[in-house]
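> need coordinates for the following:
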Amino acid sequence: MTIKSFYLVGQDKTIYRQDIHIDQYHGFEALQVAVAEQYNIIQSTGIGLQDSTGQDLPDLDAVLDCDEDIGVTVDGQSIKDPAGPEGLPFVGSYYEVFPDHLGNHARLFQKYGSLIKYETMGRQNYLTNDPAIATVAFQESAFFSKEITPDHPLAGIKDNRALFICDTDTEAWRQAHKFIPPSMAPKAIRHYTPLMEASVKDSFKVFDQLDEQDEAWNVYQYMLKLASQTVFKFALGYDAHHFDHPDSPLNELVVLIAQSLSLNKKVASRGAWYAKLSAIPFTAAYDLDKIRYRLWTILNNAIDQAPKGDSEDDLPLQTAALGASCVVDYLKRATDDKGNKLPRELVIPNMLPISGAGFTTTSSLLSWLLYALCVYPGNQDRFLQELVDAGVSDSTKWTPELSDALPFLDKFVKETQRLHNPSFQPGRTAKVDCILPSGYKLPAGSVVICALHAIHNNPRIWSNPDRFDPDRWGTEEVSGRPKNAYMPFATGPRSCIGFNFALGEVKVLLPLLVYRYEFFKEGEEAVSYDPEFQLIRPMNFYVRARRRTSWPERTPGAKKVAEDYKEGEVRPPI
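Here you go, the predicted structure:
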């Protein structure tokens, strides 16, 4: 029986020495798996073995011939703890990260490596800009799960009855994950495309009036109105009345959801101790707790008043969305093959993240899309030309096929999400002590934030990452990038279930806005983002939207793909 002693290169040999019987392994890959199991190394394929001089042991024969303890590396690197700034007493590195957390995280990654660690007011933070680490973190596995601990960014709004803000290891998540995703499948999005078209056309009267008054307007505030009006119709069958006139107030439900996300970011960034101050007035933790009750009351009333479909009959789960008036109606009627439904006590908790995550993401994304059209020269003209060449007109009936037939639109949206993605901090919790790609050692219970903005702008992955270049998409360079170097909606079993709706929505709303209006950035002030919000949103971006009176000529030979409404066919109201 042949026994070899192994240790982790870079760590104390007396602590991490392990003996392995290697006679039972008939190949180097099998030995890699055995070593991975001994040390909880997540990816066995990255394991390298070496002798005391650092000489590589490339195969099983070399291992058998080695008479010394054998060192273990991962991806050619020694095993190490994540590094980061030391910080100050009590506040830690809070003022080294905030307010510009995007820029400061990029600086820290450059200085300390692809997995950084720092403390803010007693809270440990681990962030990565490496898609290889993000990939293993996003997998629901023996090593990682979405467990929302006090160190998780969603801790302040955690609800173990709701799909997006609950732990994976709950019966509520298993039930919700079965019933809710079909309501946002591609065929469901087709069903709701006329609703999207109607929502944006309903906004035209307001934007026309603002143009007539020669007024500039805050993009995020109006995109918040537009996105929430669309999502409320989709989710609740609910008219928010955001475009009755230019000064229509935001619906109270929108205000409360936005406030809760802002307050949660404030609470989460200040550490677990701050979350315990919910009994003390005038603290963000107190305000967040107070808002919850009002949110539930309004949402419960909206669910009770949601319109019904053509009938109240139960519908098969996979096709229920096509016969439902909205998501609430779908959840009340969708049944699985055993006749089961999503329990009523889970409907209300799930409607809050469906509604809230839906409009907060798309409002930010629409804002950044308009920003990119205004700030990066040539893109607005190129997009308009694509719409004209496709045969888009005021009589166009919008369909998913039309959106799919606009290649520049797809590239433009992808490049905007790469450079200005609203979501930036999906977190996953380590279930056990483990060793990540590149040799990082991580203790159990650590929450790893997969920093999407940093991954999408990682100079080791993207050439000229700060340059806005839609034409990079479709090139060999981008198609050959590492797995999950681009993941605006995260990935894995707990990725965003609403990504089909979000992309379908912006690919209807944006073209219709650009075909009708020419957008100009107002003022010379640099646009800044909100550092104390759950998503990345522009705060001071103002535009003038001038209604178009002329359009470019169609390119000779361009194929018309847009379909017009037929005579007598019902059109979305303007």
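
> okay, now the domains of this protein?
3-74, 178-547 (the TED database).

> centroid residue for this structure?
F489 (3.5 Å; CA atoms, centre = their mean).

> now do the strands in the stretch 1-150 of the chain.
In the stretch 1-150 of the chain, the segments counted as strands under DSSP state E, counting those that start in this stretch are 3-8, 18-21, 47-50, 70-74, 115-120, 123-128, 144-145.

> helix, strand or coil for P281?
coil (DSSP: H, G, I helix; E, B strand; the rest coil).

> just give me the neighbour total for it.
P281: 8 surrounding residues under other CB atoms under 10 Å. From N, CA and C alone the C-beta is placed, and that goes for glycine too.

> before we move on, what about I3?
Around I3 there are 9 residues (other CB under 10 Å).

> how about it, nearest residue that isn't a chain neighbour?
Computed as CB to CB, 6 or more residues apart in numbering, the closest residue to I3 that is not its neighbour in sequence is D19, at 5.2 Å.

> contacting residues around that neighbour?
3-6 (CB atoms under 8 Å, 6 or more residues apart in numbering).

> so where's the stretch 151-300 of the chain shaky on pLDDT?
276-277, 279 (pLDDT under 70).

> can you give me the strands for it?
Going by DSSP E, counting those that start in this stretch, the stretch 151-300 of the chain shows strands at 217-218.

> surely L317 meets K338?
No - with contacts counted by CB atoms under 8 Å, L317 stays clear of K338, the gap being 10.2 Å.

> the more surrounded of these two?
L317 (20 against 5).

> residues touching that one, list them.
178-179, 182, 334-337.

> now do 7 Å
Under the criterion of CB atoms under 7 Å, 6 or more residues apart in numbering, the neighbours of L317 are 179, 182, 334-336.

> okay, and for the stretch 1-150 of the chain, where does confidence drop off?
The low-confidence ranges in the stretch 1-150 of the chain, as defined by pLDDT under 70, are 1.

> mind running it again at 90?
Within the stretch 1-150 of the chain, the ranges that satisfy pLDDT under 90 run 1-2, 22-26, 121-122.

> residues of stretch 275-287 that come out buried?
Residues of stretch 275-287 classed as buried by neighbour count (16 or more other CB atoms under 10 Å): 275, 277-278, 283-287.

> ignore what I typed, I meant stretch 532-545.
Buried, per 16+ other CB under 10 Å, within stretch 532-545: 533-538, 541-545.

> endpoints of that stretch, how far apart?
Start and end residues of stretch 532-545 are separated by 28 Å (CA to CA, to the nearest Å).

> contacts made by that stretch with the rest, please.
207, 210-211, 216-220, 261-262, 264-266, 360-361, 364, 367-368, 370-371, 374, 421-424, 453, 517, 519-523, 525, 527-530.

> from those residues, which land in helices?
207, 210-211, 219-220, 261-262, 264-266, 360-361, 364, 367-368, 370-371, 374, 453 (DSSP state H).

> buried subset of the residues you listed?
Looks like the ones in helices among the contacts of stretch 532-545 have 207, 210-211, 219-220, 261-262, 264-266, 360-361, 364, 367-368, 370-371, 374, 453 buried, using 16+ other CB under 10 Å.

> if we can go back for a sec, filter the contacts of D19 down to just the buried residues.
4, 6.

> return the member of the contacts of D19 nearest to V561.
F6 (60.9 Å; CB to CB).

> residue contacts, that closest one?
Per CB under 7 Å, 6+ apart, neighbours of F6: 18, 20, 35, 70, 72.

> how far away is the residue nearest to the third one when sequence neighbours are not counted from G54?
Residue nearest to V35 in three dimensions, not counting chain neighbours: I47, with 5.5 Å by CB to CB, 6+ apart. From I47 across to G54, the span is 15 Å (CB to CB, to the nearest Å).

> please identify which of those two sits among more neighbours.
Shown here are I47 and G54; by other CB under 10 Å, I47 has more neighbours (22 against 10).

> now do the phi/psi pair for K341.
phi -120, psi 170 (degrees, to the nearest 10).

> that one - how many residues pack around it?
17.

> from what I can see it touches Y330, true?
No - shown here, K341 and Y330 do not form a contact pair, counting by CB atoms under 7 Å, at 10.5 Å.

> so can I have JSON lines of the strands of the stretch 1-150 of the chain showing distance to S248?
Formatted as JSON lines, these follow (distance: least, CB to CB, whole Å):
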{"stretch": "strand 3-8", "distance to S248": "62"}
{"stretch": "strand 18-21", "distance to S248": "67"}
{"stretch": "strand 47-50", "distance to S248": "60"}
{"stretch": "strand 70-74", "distance to S248": "56"}
{"stretch": "strand 115-120", "distance to S248": "39"}
{"stretch": "strand 123-128", "distance to S248": "40"}
{"stretch": "strand 144-145", "distance to S248": "43"}
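
> who's in contact with S269?
Contact analysis of S269 by CB under 7 Å, 6+ apart lists 98, 120.

> likewise V219?
So, once contact is read as CB under 7 Å, 6+ apart, V219 ends up touching 367, 370, 538, 541-543.

> which of the residues you listed sits closest to T396?
Out of the contacts of V219, the member with the shortest distance to T396 (by CB to CB) is L370, at 20.5 Å.

> what's stretch 437-445 in contact with?
Taking CB under 7 Å, 6+ apart as the rule, stretch 437-445 contacts 43, 46, 73-75, 77-82, 114-115, 130, 132-133, 136, 149, 429-436.

> quick check: ChimeraX command selecting the buried ones in those residues.
Per 16+ other CB under 10 Å, the buried members of those correspond to this ChimeraX selection:
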select :43,46,73,74,77,79,80,82,114,115,130,132,133,136,429,430,431,434,435,436
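
> which of the contacts of stretch 437-445 fall in helices?
132-133, 136.

> could I get those residues as TSV with distance to L509?
As requested, the ones in helices among the contacts of stretch 437-445 are exported to TSV (distance: CB to CB, whole Å):
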residue	distance to L509
A132	35
I133	35
V136	36
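
> where does the stretch 351-500 of the chain have low pLDDT?
For the stretch 351-500 of the chain (pLDDT under 90), the answer is 351-358, 424, 477.

> report the beta-bridge partners for the residue nearest to V35.
V74 (DSSP bridges).

> which residues touch it?
32, 35-36, 41, 72, 74 are the contacts of I47 under CB under 7 Å, 6+ apart.

> skipping its backbone neighbours, what lies nearest A545 in space?
Per CB to CB, 6+ apart, closest to A545 is Y517, 4.1 Å.

> what ranges does the stretch 51-200 of the chain have for its helices?
In the stretch 51-200 of the chain, the helices defined using DSSP state H, counting those that start in this stretch lie at 60-65, 94-97, 101-112, 131-138, 171-179, 186-212.

> which neighbouring elements make contact with the shortest one?
Meaning helix 94-97. Counting contacts by 3 or more CB pairs under 7 Å, 6 or more residues apart in numbering; DSSP states H and E, helix 94-97 is packed against strand 115-120.
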